[in-house]
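**Q** generate coordinates for the sequence data below:
(2 chains)
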Amino acid sequence: MLSDDALDWLTEHGSWLTRAVSRTVSDWIETLTNGLVAVPPWLAIAVAALVTYKIGGRKVGLLTLAGLLFLWNLRLWQATVETLVLVILATLAALVIGIPVGIWFALSRRAWRTFSPVLDMMQTLPSFVYLIPALPFFGLGAVSACFATIVFSVPPVIRLTALGIRNVPSELVEASDAFGGSASQKLFKVQLPLALPTIMAGVNQTMMLALSMVVIAAMIGAGGLGRAVWQSIQRLEAGAGFEAGIGIVIVAVILDRSTQALAARARPHGAS
Amino acid sequence: MGRITLEGVSKIFGANHVEAVDLISQGKRKAEVAEACGAVVGLCNISFEVHEGEILILMGLSGSGKSTLLRCMNRLVEPTCGRILVDDVDVTRLGRKDLLAFRQKTFGMVFQHFALLPNRTILANVGFGLEIRNVPARQRTDCAMQAIELVGLKGWESKYPHELSGGMQQRAGLARALAADADILLMDEAFSALDPLIRRDMQAELRELQRKLKKTIVFVSHDLDEAVALGGRIVLMKDGEVVQIGQPEEVVARPATEYVRRFVEHIDLAAVIRAEHVADRAAIVLAPTQTVAEARVRTAQGGAGAWLVADGDGRFVGRVRADRLAAVRPGDALTGLLDLDPCTVEAGARLDAVLGRIAAEDIVAVVAPDGRLIGPITSRDVVRALAARPGAQGPQDGLPSSQSNPAGADRWTGTSPNFPSTCSVTTPSTGSPNMALG
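**A** Residues are numbered from 1 along each chain as shown, chains lettered A, B, ... in the order given. Have a look, this model is predicted:
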């Protein structure tokens, strides 16, 4: 098949690059994970609770504290850290790619029309499919998982960044023009600040998608809570599988509430 | 600074620009161009001048191209052809960078829906234009605060737009345009989104501000009463063309087309007509040197309650009441009988501003700025003037116009060829008020 040939060609000629990337990223992931695991769990949990408290208030802070303590108690702390590292790295990478692309799509109608179907396809393709091409490029393990996650989770932030900027009332954009604002002044003083709540909604969605992908990516050797679930499936250990599943839910709720709180903060005063 | 000259400005939307411009230069109209090549004509060959320091009102219904024309002036909309000069700068030839700089220093703009940034305080909103110009923060705050005080928003500068009422938000919008200290204010339906009471306040305040600031203001409106309240020249537009330009009373008195006539049909006439147009220039005017006997002869056929008295130069001296004239001896001079109280109104005063005086005094004298008497206004004159709405469908429709138009209507409806500075009516009296008209 054509796609097979293309993939083979890419693997053959691009592998020197992808292997190098793979090594670097794998180093990062490992260092970060090891570093975090080295921190005493009680301290890490306290810091996490404090940070989420600052972002989302008492409710989110308490939720984080209780949830993470529970996971520690289930002996899932290491798996939780691995999952969080993957999710956060993949989300950051998705934002670094997605926000500028979203801005481009917002400002160029042609780019939007050309690439919008690609975004649709990226979101409708079953998530497992991303795992396959990642393997030949980056090998088995966390790096492949990370890249598959980035590809899978980037569409919402692109889409919502573009949407947010396009939905800035035209009169406000015109006001910037009328006072002689340049394109970049318009972008940074008017369009981005006003699109921020929508962009933050995109960040939230991207992070949730990343989490779901990181769990699935356990099939290609990503660590973390996903692996705990995957192993329980293979060994038919319902109890362990349930524990890990609860763990994923807890991580999901913490990440969701925190990013939603961030989005709420970005909303202009008085807007509902 | 701030004179705008438009020369043959056209705006074509859609394809076939070249062909459409060609057709326009041949004098074709919007409908003809659309039929010939499918292009939509937004503006069709528009030329006029906005004088320095005046309020010019662009009027027309929606779709008439008034907002497009306004946006052509600072090139938010790119004119397809024609020249736009601001003082000596041809705006249409400015490059991208020069255009931005030119907008920054020359144009302030006020929008229909305020266009304030919801994530910024009023102070930061008002300072927006200065921020774009990279004015240092300190100076920016000073300028913004001055503008905020000017529009009466002091004490609100740290609030957010949503915390303010519509009228106050538009004050902030106005302050933003003023803070940049541009010579020209472009106001796009600036008061249309406000409720009627606030709108009237804002109109009055804009006039007041304009008296101080003397900016050149181009104001887009679809509301003729607003145009009258702002008191500037009116440019009436239809289908992307200018139909008529003139002072409100000129437009009302002599509508150039049927469209204009219908447009001005329901205007509040009292707000448009000036006292000089209502004054009865044919009225009998007495001289102070006349004796009571002479005066009685001259006023024998008139049934008025009082007469005005002017000296040989046409200068207004006073007023004499009919009952006093009847009560004294025939040999006396008039001088002793005069009411010298100032029952006068300025020639340029709007009728609605003097109605109260007329009601209270029965008869008031309209006096030109140099002190000469133009004529009296009685309540009867007011009714006549208001009844003489151009094109009003009177009950005697179909009768010859001399009969259907009340006497005196020609004083301002423009049947007189030299409207409004002169008047065809001649007066036999010695102190002819016509002299006041030169």
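**Q** CA atoms for contacts and neighbours, from now on please.
**A** Noted.
**Q** pull out the buried residues from the helix or strand encompassing B:Ile24.
**A** Applying DSSP states H and E as the criterion places B:Ile24 in helix B:17-25. Neighbour counts over helix B:17-25 (16 or more other CA atoms under 10 Å in any protein chain shown) mark B:His17, B:Ala20, B:Val21, B:Leu23, B:Ile24 as buried.
**Q** pretty sure the last one is in contact with B:Val33, am I right?
**A** The reference is to B:Ile24. Yes. Counting by CA atoms under 8 Å, B:Ile24 touches B:Val33, with 7.4 Å between them.
**Q** what's the closest non-adjacent residue to B:Arg357?
**A** In this structure, B:Arg357 finds its nearest non-sequential neighbour in B:Val364, 7.4 Å apart by CA to CA, 6 or more residues apart in numbering or on different chains.
**Q** and what of B:Glu361?
**A** Per CA to CA, 6+ apart, closest to B:Glu361 is B:Cys343, 7.3 Å.
**Q** and that neighbour, how close does it get to chain A?
**A** 50 Å (CA to the nearest CA, to the nearest Å).
**Q** for that residue, grab the count of nearby residues.
**A** Close neighbours of B:Cys343, defined as other CA atoms under 10 Å in any protein chain shown, add up to 17.
**Q** can you check the pLDDT for it?
**A** With respect to pLDDT, B:Cys343 scores 77.
**Q** touching, it and B:Val364? I think so.
**A** Yes. Between B:Cys343 and B:Val364 there is a contact at 5.3 Å, judged by CA under 8 Å.
**Q** where is the longest helix in chain A?
**A** In chain A, assigned by DSSP state H, the helix with the most residues is helix A:2-38.
**Q** quick check: buried residues in it?
**A** Applying 16+ other CA under 10 Å to helix A:2-38 flags A:Leu7, A:Thr11, A:Ser15, A:Thr18, A:Ser22, A:Val25, A:Ser26, A:Ile29, A:Leu32, A:Thr33, A:Leu36, A:Val37 as buried.
**Q** so who does the residue in chain A that chain B sits nearest to touch?
**A** Distances between chain A and chain B by CA to the nearest CA are smallest at A:Gly180, namely 4.3 Å. Contacts for A:Gly180 (CA atoms under 8 Å, 6 or more residues apart in numbering or on different chains) come out as B:Leu99, B:Leu100, B:Ala101, B:Phe102, B:Arg103, B:Gln104, B:Gly129, B:Ile132.
**Q** what do you get if the cut-off is 6 Å, keeping everything else the same?
**A** Applying CA atoms under 6 Å, 6 or more residues apart in numbering or on different chains to A:Gly180 gives the contacts B:Leu100, B:Arg103, B:Gln104.
**Q** would you turn these into a markdown table with distance to B:Arg296 and secondary structure?
**A** As requested, these are arranged in a markdown table below (distance: CA to CA, whole Å; DSSP: H, G, I helix; E, B strand; the rest coil):
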| residue | distance to B:Arg296 | secondary structure |
| --- | --- | --- |
| B:Leu100 | 74 | helix |
| B:Arg103 | 68 | helix |
| B:Gln104 | 70 | helix |
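**Q** pLDDT of stretch B:272-280, averaged?
**A** Average pLDDT, stretch B:272-280: 81.
**Q** first-to-last residue distance for it?
**A** 17 Å (CA to CA, to the nearest Å).
**Q** need the contact partners of it.
**A** Contacts for stretch B:272-280 (CA under 6 Å, 6+ apart): B:Glu249, B:Ala347, B:Gly348, B:Ala349, B:Arg350, B:Leu351, B:Gly375, B:Pro376, B:Ile377, B:Arg411, B:Trp412.
**Q** if we can go back for a sec, mean confidence score for the helix holding B:Ile24?
**A** 79.
**Q** and the closest residue to chain A within the stretch 51-200 of chain B, what is it in contact with?
**A** The stretch 51-200 of chain B approaches chain A most closely through B:Leu100 (4.3 Å), counting by CA to the nearest CA. By CA under 6 Å, 6+ apart, the contact set of B:Leu100 is A:Gly180.
**Q** go on, B:Ile245?
**A** Applying CA under 6 Å, 6+ apart, we find B:Ile245 in contact with B:Ile234, B:Val235.
**Q** at 7 Å instead, please
**A** B:Ile234, B:Val235, B:Leu236 (CA atoms under 7 Å, 6 or more residues apart in numbering or on different chains).
**Q** now, which of those residues sits nearest chain A?
**A** B:Val235 (22.5 Å).
**Q** who does that closest one bridge with?
**A** Judged by DSSP bridges, the bridge partners of B:Val235 are B:Leu58, B:Ile245.
**Q** which parts of the stretch 101-250 of chain A sit against chain B?
**A** A:Glu171, A:Leu172, A:Ala175, A:Ala178, A:Phe179, A:Gly180, A:Gly181, A:Ser182 (CA under 7 Å from any CA of the partner chain).
**Q** and the last one, how many neighbours?
**A** Right, A:Ser182. 15.
**Q** state the pLDDT value of residue 56.
**A** Picked chain A for this. On the pLDDT scale, A:Gly56 gets 85.
**Q** looking at chain B here, not the other one
**A** For B:Leu56, pLDDT reads 93.
**Q** pretty sure it contacts B:Arg233?
**A** Yes. The pair B:Leu56 / B:Arg233 is scored as a contact, 5.1 Å apart, by CA atoms under 7 Å.
**Q** which regions of the stretch 151-272 of chain A sit below the pLDDT cut-off?
**A** A:268-272 (pLDDT under 70).
**Q** any chance you could map the helices in it?
**A** Taking DSSP state H, counting those that start in this stretch, the helices of the stretch 151-272 of chain A run over residues A:170-178, A:183-186, A:192-216, A:225-235, A:238-266.
**Q** ok, the stretch 101-250 of chain B next?
**A** In the stretch 101-250 of chain B, the helices defined using DSSP H, counting those that start in this stretch lie at B:122-126, B:128-132, B:137-150, B:166-179, B:196-213, B:224-230, B:248-253.
**Q** contact partners of the fifth one?
**A** Pointing back at helix B:196-213 there. Contacts for helix B:196-213 (CA under 7 Å, 6+ apart): B:Gly167, B:Phe191, B:Ala229, B:Leu230.
**Q** can you pick the most crowded of those residues?
**A** Most surrounded of those: other CA under 10 Å gives B:Phe191, at 27 neighbours.
**Q** got phi/psi on it?
**A** phi -110, psi 0 (degrees, to the nearest 10).
**Q** now do the same contact list for residue 151.
**A** Defaulting to chain A. Per CA under 7 Å, 6+ apart, neighbours of A:Val151: none.
**Q** let me rephrase: I mean chain B.
**A** B:Arg171, B:Ala175.
**Q** switch the cut-off to 8 Å
**A** B:Arg171, B:Ala172, B:Leu174, B:Ala175.
**Q** export the helices of the stretch 151-272 of chain A to a markdown table and tack on mean neighbour count and distance to B:Pro330?
**A** Below are the helices of the stretch 151-272 of chain A laid out as a markdown table (neighbours: other CA atoms under 10 Å in any protein chain shown; distance: least, CA to CA, whole Å):
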| stretch | mean neighbour count | distance to B:Pro330 |
| --- | --- | --- |
| helix A:170-178 | 20 | 74 |
| helix A:183-186 | 14 | 84 |
| helix A:192-216 | 24 | 85 |
| helix A:225-235 | 19 | 121 |
| helix A:238-266 | 19 | 90 |
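**Q** burial measure for the residue lying closest to B:Thr121 once chain neighbours are set aside, as a count.
**A** Leaving aside its sequence neighbours, B:Thr121 sits nearest to B:Tyr160 (CA to CA, 6+ apart; 4.5 Å). Counted with other CA under 10 Å, residues neighbouring B:Tyr160 total 22.
**Q** sweet, I'm off.
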